[in-house]
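>>> any chance you could fold what I've pasted below:
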Amino acid sequence: MKAKSSMAIFILAAVMLFSCSKDASVLDIFIPNLSNQWVSDRNTNFFFNSDDPDKNKNESTFTGNEQNPDTGDIFQLTGKYKNYDVEFTFTEGPEKGVTYIGKFIKNSNPLRMEMKAPGNVKVTITQNL
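Numbering: from 1, shown residues only. Predicted coordinates:
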């Protein structure tokens, strides 16, 4: 009887250990809502469109653009996200080829991205609901 209870405790501890590890956590799954206009701290607007018709996924690619309302300039970009990780690369304009890497900020309301490019260039992009 003692061996059975010891084995049950061992199995229970192993299950708890694996279910609490970061890689196995269901809590890390995040499905961002890319719709609506997004505004940046550099006074521009961003628009994102998922490339996947099934938008209810935690991993996808997207296209979009950054628009400067003062100059009328529009610069296209492509990107991808997986859970909270997000990145995009400009495909035209003065930042053509520049990749921004960052994260969706967990529990931000409205949803926000904090992005960084080479040279410590930072931009915060917030969903405009």
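>>> against Asp52, how distant is Pro69?
29 Å (CB to CB, to the nearest Å). Backbone N, C-alpha and C define where each C-beta goes, glycine included.
>>> same deal with Phe75?
23 Å.
>>> okay, those two: which has more neighbours?
Counted by other CB atoms under 10 Å, Phe75 and Asp52 do not tie: Phe75 has more neighbours, with 17 against 11.
>>> now for the helix or strand containing Phe62, which elements pack on it?
Using DSSP states H and E, Phe62 maps to strand 59-67. Under the contact criterion of 3 or more CB pairs under 8 Å, 6 or more residues apart in numbering; DSSP states H and E, strand 59-67 touches strand 45-50, strand 74-82, strand 85-90.
>>> so what strands line up beside that strand?
Strand 59-67 pairs in its sheet with strand 45-50 (antiparallel), strand 74-82 (antiparallel), by DSSP bridges.
>>> can you list those strands in TSV and add mean pLDDT?
Shown next, in TSV, are the strands paired with strand 59-67 (pLDDT from 0 to 100):
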stretch	mean pLDDT
strand 45-50	95
strand 74-82	97
